[in-house]
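Undergrad: Generate a structure from the sequence data that follows.
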Amino acid sequence: MAFLAELKRRNVIRMAGLYLVGAWLITQVAATLLPVFEAPGWVMKTIVGILAVGFIPAMVFAWVFELTPEGLKRDAEVPTEQSIAPQTARKMERMIIVLFAIALAFFGFDKFVLAPKREAAAVIAASAKVKAQTLAEIKTSVSEKSIAVLPFVNMSADKDNEYFSDGISEEILNALTKIDDLKVAGRTSSFFFKGKNENLTKIGETLGVAHVLEGSVRKQGDKLRITAQLIRVSDGFHLWSDTFDGTDVDVFALQEKVARKVADELKVAMNLGAEQRLVNAGTKNPEAYALYLKATEIFNQRDGTRMREAVSMLEQATTLDPNYARAYSRLATLSWLLPVFTNSDPARSQEQVRTYAQRAIALDPQLAEPWAAMAMSSGTRAGAGMIQAREEFEKALQLDPDDVTTNFWYGLTLARWGYQRAGVERMEHALAVDPMVPNVMRWRGVMYLRYGDLDGAEQYLKRAQATGLSLAGRELAEIVARRGDIVSARRMWKEGSQVLLTQLDGDSRPGFSDAVATGLFGGNADDRERAVAAIEDFLATEPKNIAGVTPMWLAQLGHGARAMEVERFYVKTDNSDFLAYLFSPAGKSLRQLPEFPGYLKAKGFPMLWDKVGPPDICRKIDKGDYVCE
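TA: Numbers count the residues shown, from 1 in each chain. Below you'll find the predicted structure:
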């Protein structure tokens, strides 16, 4: 006690507080300013090192010396009655308060003003870097018989006709993919450059093609003008350009003319007779076709707020043309997606998936999309449903081995069933066909993340985010949290989860998102329980369906058994997040729970595995049960 009292008398404790607060403030200011001046990393390390080393000498100095009106003197030389240590103590306390206030003010300014600006700049820089990496990676040996079809510019007075110009571009692109000798850049990769005003030669080099087709569409009333030009990437030379005039009724013939002219200019063998068409819109009704294009625009953008509107458009299209197979096919796909983006009844949606898909197949047996939609619907059912889904996916791939959506959905489904290596191969095939599909890039990043490869995950997730897929911020938050930035992780997670939080009615639940974010990232035991309570409050409302990520949150919050129960009884559509987590290294603790074997049986996994073999991490034991490492 005497020693402590002496420390107080000599103001050593106050000096320690003053030193530490001052040192913290110095490091925070340095951390903010040094990057501005592009200072090398050793500068910051040196500052921290000097401050750390200086602490002990500062304490020794405070012990040995005392400040007097005559200046510094050794403490032993100052008589007690002449000591002004109490006055010095009060000054030091005021200095500590002032420094602490400055530190708090700087902390608030940095958190709410500087940090968002730094992060915005970092996102822009990262996006630019990621785009550059993406573009470099997809460059391959360029064949002269290769082309990218850019979205045609809408030159109509009515800007709402943009769906029409995009649809014409996509039809021409689809037509050119039918030519065996011609390599065509994927739709998403080509449309990535929409509105970016990039140099055409640069775009061609980026997509690894020797030619670029661009054009414009002008629609006025029923009058239609399509202008197209074919450009050689190597020197920017215009090989061909032409203008095609007609009416709405002629739209299919005009697209056919453009596609055949491009094929002729590139000297590719079409293996088609004059009577066979490259462009097959699936209908001769221009109004039905226009409705299909509008609905397809909503589908491509995954605009959840307009999914029901897209369904209504397609239903009108099938009324106008009851034999419009592609409209029925797209209706099947949208019916599958409705419960994912809206509060539609999953059971009703699944019935509609099969009804629409079977109608589409009856009208056009060569369509792959309806088989993939049925497979996604079948895959949500236990046991026999999974086996049926596998057969339907295989049928879709037989019809179109390079269909991006089929490959992605099958890859995701395989990952959900435990066949994660095979699932990743399907995802990578989809990216090989069309490297810029946002959700495929995101899921490839998710798979890296679940296997602990943060760098690999970050690369793909930032690519997805750079295309505008905000959902990727959810997994990027996990990466940021693992690297120690909890504050940013919570904010990024809430931004990336906004669509899902809305589906969970989180907006009307005060504190819901904050509670879950705090529990998931850096929270203590009480924080995690508050997050679980918030989720349970939502489940107590007995919702018809919930987002498949909800049980994964419960698992990450330490409630694995409850997570499996929630997934089994509440998740009726897309359970990809939880099951991909469950069968990855990240889900090992769940697979060790006593409830896991019963969950496997209830979900019907043994029936599937008996039929096609066990997945990557599971093996069959003597009793016929499966053990998953």
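
Undergrad: Going by C-alpha atoms from here, please, whenever you check contacts or count neighbours.
TA: Noted.

Undergrad: Quick one: name whatever helix or strand follows the helix or strand hosting Arg359.
TA: If you go by DSSP states H and E, Arg359 is part of helix 346-363. Following helix 346-363 in sequence order, the next helix or strand is helix 369-378 (DSSP H and E).

Undergrad: Averaged pLDDT, whichever helix or strand comes after that next one. What do you get?
TA: Note on helix 369-378: by DSSP H and E, the next helix or strand toward the C-terminus is helix 384-399. Helix 384-399 shows a mean pLDDT of 94.

Undergrad: Buried residues in helix 384-399, which are they?
TA: 384-390, 392-397 (16 or more other C-alpha atoms under 10 Å).

Undergrad: These into JSON lines, with extra columns for distance to Gln301?
TA: Output for these, formatted as JSON lines (distance: C-alpha to C-alpha, whole Å):
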{"residue": "Ala384", "distance to Gln301": "33"}
{"residue": "Gly385", "distance to Gln301": "29"}
{"residue": "Met386", "distance to Gln301": "28"}
{"residue": "Ile387", "distance to Gln301": "31"}
{"residue": "Gln388", "distance to Gln301": "29"}
{"residue": "Ala389", "distance to Gln301": "26"}
{"residue": "Arg390", "distance to Gln301": "27"}
{"residue": "Glu392", "distance to Gln301": "25"}
{"residue": "Phe393", "distance to Gln301": "23"}
{"residue": "Glu394", "distance to Gln301": "26"}
{"residue": "Lys395", "distance to Gln301": "26"}
{"residue": "Ala396", "distance to Gln301": "23"}
{"residue": "Leu397", "distance to Gln301": "24"}
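
Undergrad: Closest to Val98 out of those?
TA: When the buried residues of helix 384-399 are ranked by distance to Val98 (C-alpha to C-alpha), Met386 comes first, at 66.4 Å.

Undergrad: So what does the residue nearest the centre of the chain have for phi and psi?
TA: The chain has Ala472 as the residue nearest its centroid, 2.7 Å off, counting by C-alpha atoms, centre = their mean. Phi and psi for Ala472, reported as degrees, to the nearest 10, are phi -60, psi -20.

Undergrad: quick one: it from Lys462, how far?
TA: The spacing between Ala472 and Lys462, counted by C-alpha to C-alpha, to the nearest Å, is 7 Å.

Undergrad: In which helix or strand does Val21 reside?
TA: Going by DSSP H and E, Val21 is in helix 12-33.

Undergrad: now the helix holding Arg359: how far from the chain's centre is it?
TA: Averaging C-alpha positions (C-alpha atoms, centre = their mean, to the nearest Å) puts helix 346-363 28 Å from its chain's average.

Undergrad: and what of stretch 317-328?
TA: For stretch 317-328, the distance to the chain centre is 33 Å (C-alpha atoms, centre = their mean).

Undergrad: residues in contact with Val262?
TA: Contact analysis of Val262 by C-alpha atoms under 8 Å, 6 or more residues apart in numbering lists Leu230.

Undergrad: how much space is there between it and Leu182?
TA: 11 Å.

Undergrad: wait, Leu230 sits on Thr201?
TA: No - the criterion here is C-alpha atoms under 8 Å, and Leu230 misses it with Thr201 at 11.7 Å.

Undergrad: In the stretch 101-250 of the chain, mark out all the helices, start to finish.
TA: 115-137, 162-177, 187-191, 200-207 (DSSP state H, counting those that start in this stretch).

Undergrad: on that earlier part again, helices or strands up against the helix holding Arg359?
TA: When contacts are defined as 3 or more C-alpha pairs under 8 Å, 6 or more residues apart in numbering; DSSP states H and E, helix 346-363 packs onto helix 325-341, helix 369-378.

Undergrad: wait, which of the ones you listed is closest to Gly523?
TA: helix 325-341 (29.1 Å).

Undergrad: Now do the closest one against helix 346-363, angle only.
TA: If you take axes from the mean of the first three to the mean of the last three C-alpha atoms, to 10 degrees, helix 325-341 sits at 160 degrees to helix 346-363.

Undergrad: pLDDT on helix 325-341, on average?
TA: pLDDT averaged over helix 325-341 gives 90.
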